Each structure stands twice: as C-alpha cells, then as structure tokens.
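[1] After the sequence you'll find the predicted model.
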Amino acid sequence: MTASKLDQLRQMTTVVADTGDIEAVRRLKPVDCTTNPTLILKAVETPAYAHIVDEAIGWGKKQGGSEKAVHAVCDRLAVSFGTELTKIVPGRVSTEVDADLSFDTAATIEKARAVIAAYKERGVEKDRILIKIASTWEGLQAAKVLQAEGIDCNLTLLFALPQAVAAAEANAFLISPFVGRILDWHVKAGGGPYTAETDPGVVSVKSIYAYYKAFGIKTVVMGASFRNTGEIEALAGCDRLTIGPGLLDELAAATGDLPRRLSPASSPQMEGGVSRKLGFDEKAFRFAMNEDAMGTEKLAEGIRGFVKDLRGLRKLVTVKLG
C-alpha cells in the first residue's frame, strides 16, 4: 500500500502542528507544536478545555482584578496549554511573547525569561520550549540575548531575506517564514496566477533555505502559514514545516509519490542571485525592509492581527475574572 503524502513528508521533514487544539495534536502526532495568540484564543473558547481556563481564572482571582492580573492569567493560559502539549509531542512547543512587545527589546527579554520560569515551575525544562518572537529589529536583538542565555527562539512573522539574515546573526534556533501570507499579498497586488513552484511564498522560503545552506547557517528553516497542500509539497525536504490540522488531514488522506524538493546538498539557486554572505546593522536592516513593501506591510499586519487577538483574550479573561 502506498504511504500517504503525510507519511512520506515525515521521512524528509520534521512535521510540526500549527494549533493550540490539544486533541488535534494527539490525533495527528506531530514532532513539535507551535501556538500563537490567535490559536490560544480559539482553544480558550472551546468547551473541551474549560478545565484549563477555569484553573487559570481561579488562580487569577487570587491575584486581584488589576490589568497586571489579567496579563498574568493570559500568560498562565499560554503556559498551561503549552504544558499539556509537551505531554503529547516528543519535541518542542513554541510559546509566543506578547505581540504588543514587538518593538521593545528589554520587555521581550523579560517576558521570555518569565515564560521559561513558568514552564520550569511545571516541570518543563527550557529545552522543550521555543520562545516565539516577531522578526522586528527589536525582536531580533532580544533573540540574540536570549540565545546567549540558552533560551532557544522561534523568529516568527518572517517575510523577507533581511529578517532571515538578521535571525541567523542572532543565532536564532529557528525561523518561521510565512508562505501563505506572502502569496496573499502578491495576489492582492494583482499577481498570478501562480503554480506551487512559482508561488511567491514558496520561492521566498527556497531562497532563504538556499542562503542558509550555502553558508552553513545552523538556524532551522520552518515554513509556516500555508494556504494549500501544493505549497507544502513544493517545500518537501525543508528542515521543518508547521501545518494546520486541516491541511495535515488532507496530506494524510492523499496518496501518490511525494518527491523531495529541498535538500542541503542540492539547495536551489537563490532568487536575486545572492552569492555572498550578507550582514545588517540597524540602519541597513530598516532600510532593506523599507525597500520591501510586501515584507514591511505583512510584518505590520501580522503584529496588528496578533495584538487584536491578544486583546480579545485579555477581554475574555477580564470578563471571567468578574
């Protein structure tokens, strides 16, 4: 019997579940799991996880009803869901720093340390956790400090090569280039139609992957934010791919040969003809991002979206704290 495309993918790529749904993770059996404020908000509103929410709210009521208490409960919820996920997946769980700290290096570092400490209190060591940080200049500098302390980071909302280069310079453990959101921008701008191979998000990840492999960069490339299985198949062989439950189910139901498209030994030609190792100080980074309309717009939009859902979570917690 021919193996499913999901099983074939697992032979060449570490498959990560992009969800906060504990039951979906248990069913799909990924190696790692990644969450964000949007996914946590959805999980919190699911009756099956009422016991996790009730515990956090009960704890929060003892802290008083201040804004600080609300934020603490939200942090506790993220760590509670993350802790449950570490009991299911054998690898890492990514937990996101509050998106409204995306332009504050010191606050991002402080929050990341607090998250790691909260996990440790629950018996989860830091080698099971990745701290997700938006790929702003400030976030990248926070990652550099955290990585030096042995706290591994997942640089998210990554849309452009300058972000990937700066993440490598920060010795980030992992980056999450957003495939589908790049496609969204180009379609909205009137581009296309695109095949899986010409999909701008796929092309971007291939370029970053090729750059990393060409220069022996150890930072893990984890494609994220997929719109269809074609994008996933076009990146088969990438270090890791984080995929939502719906697309994982589609891959599990699909048969047929899934060829490897990316490998360290034969990485594709980099788009734009990059043939030298790049470096960015703050001015050069900001200018390069300003030159990239897609990268700038999608980074800002992504932060706004995560902040909106974070505020939604805080509002829900405020109501429950009564």
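    Yes, it's here.
[2] Next up, phi/psi of residue 60, please.
    Main-chain torsions, residue 60, degrees, to the nearest 10: phi -60, psi -40.
[3] check contacts around the closest residue to it other than its chain neighbours.
    Take residue 60 and drop its neighbours on the chain: the residue closest to it by Cβ to Cβ, 6 or more residues apart in numbering is residue 73, 3.8 Å away. The way it works is simple: take the backbone N, C-alpha and C, and place the C-beta from them, glycine included. Residues in contact with residue 73, defined by Cβ atoms under 8 Å, 6 or more residues apart in numbering, are 56, 57, 59, 60, 63, 317, 321.
[4] Pretty sure residue 223 sits in a strand.
    Yes - the assignment for residue 223 by DSSP: H, G, I helix; E, B strand; the rest coil puts it in a strand.
[5] Might one say that it is in contact with residue 236?
    No - using Cβ atoms under 8 Å, residue 223 makes no contact with residue 236, being 10.2 Å away.
[6] So the two - more neighbours on which side?
    Taking neighbours as other Cβ atoms under 10 Å, residue 223 and residue 236 compare with residue 223 leading, 31 against 19.
[7] tell me the pLDDT at that one?
    At residue 223, the model reports a pLDDT of 98.
[8] who does it bridge with?
    residue 241 (DSSP bridges).
[9] Where does pLDDT dip in the stretch 1-150 of the chain?
    Scanning the stretch 1-150 of the chain for pLDDT under 70 picks out 1.
[10] All the strands of it, residue numbers only.
    14-18, 32-34, 93-96, 129-134 (DSSP state E, counting those that start in this stretch).
[11] And the helices in the stretch 51-200 of the chain?
    67-86, 105-121, 137-148, 161-169, 179-188, 200-214 (DSSP state H, counting those that start in this stretch).
[12] Name the surrounding residues that touch the fifth one.
    Put plainly, it is helix 179-188. For helix 179-188, contacts defined as Cβ under 8 Å, 6+ apart pick out 159, 192, 194, 199-202, 204-205, 223-227, 231, 235, 294, 297-298, 301-302.
[13] Could you do the second one as well?
    Judged by Cβ under 8 Å, 6+ apart, the contacts made with helix 105-121 from elsewhere in the structure are 75-76, 78-79, 82-83, 95, 97-98, 101-102, 125-126, 128-129, 131, 133, 138-139, 141-142, 145-146, 149, 151, 153.
[14] Please repeat the previous calculation with a cut-off of 7 Å.
    Defining contact as Cβ atoms under 7 Å, 6 or more residues apart in numbering, one finds that helix 105-121 is touched by 75, 79, 82-83, 95, 97-98, 101, 126, 129, 131, 133, 138-139, 141-142, 145-146, 151.
[15] now stretch 210-225
    With Cβ under 7 Å, 6+ apart, stretch 210-225 has contacts from 16, 18, 161, 164, 167-168, 172-181, 205, 208-209, 235, 238-242, 264, 267-270, 274, 277.
[16] What subset of the residues you listed is buried?
    Buried members of the contacts of stretch 210-225, scored by 16 or more other Cβ atoms under 10 Å, are 16, 18, 161, 164, 167-168, 172-181, 205, 208-209, 235, 238-242, 267, 270, 274.
[17] Do you know the pLDDT at residue 272?
    Per-residue confidence (pLDDT) for residue 272: 48.
[18] Quick check on residue 244: phi, psi?
    Here is the backbone geometry of residue 244 (degrees, to the nearest 10): phi -70, psi 160.
[19] need the contact list for it.
    Taking Cβ under 7 Å, 6+ apart, we find residue 244 in contact with 18, 19.
[20] Relative to residue 15, how far out is residue 81?
    Distance, residue 81 to residue 15, by Cβ to Cβ, to the nearest Å: 20 Å.
[21] Who has more neighbours out of the two?
    residue 81 (25 against 20).
[22] That one touches residue 44, doesn't it?
    No - the pair residue 81 / residue 44 is not scored as a contact, 8.4 Å apart, by Cβ atoms under 7 Å.
[23] before we move on, the earlier item: kindly provide the distance from the residue nearest to residue 60 to residue 61.
    Distance from residue 73 to residue 61, by Cβ to Cβ: 9 Å.
[24] likewise residue 249?
    From residue 249 to residue 61 the distance is 39 Å (Cβ to Cβ).
[25] related to what we said a few turns ago, just the buried residues from the contacts of helix 179-188, in PyMOL please.
    The buried residues among the contacts of helix 179-188 can be selected in PyMOL (16+ other Cβ under 10 Å) with this line:
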select buried, resi 159+194+199+200+201+202+204+205+223+224+225+226+227+231+235+294+298+302
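[26] re earlier: reformat the contacts of residue 73 as TSV; add neighbour count and distance to residue 218.
    Putting these into TSV (neighbours: other Cβ atoms under 10 Å; distance: Cβ to Cβ, whole Å) gives the following:
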residue	neighbour count	distance to residue 218
56	24	36
57	19	41
59	14	39
60	22	40
63	14	41
317	22	38
321	18	43
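[27] Pipe these into JSON lines and attach distance to residue 28 per row.
    Output for the contacts of residue 73, formatted as JSON lines (distance: Cβ to Cβ, whole Å):
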{"residue": "56", "distance to residue 28": "25"}
{"residue": "57", "distance to residue 28": "29"}
{"residue": "59", "distance to residue 28": "30"}
{"residue": "60", "distance to residue 28": "31"}
{"residue": "63", "distance to residue 28": "35"}
{"residue": "317", "distance to residue 28": "28"}
{"residue": "321", "distance to residue 28": "33"}
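[28] Before I go, just wanted to say thanks for your time.
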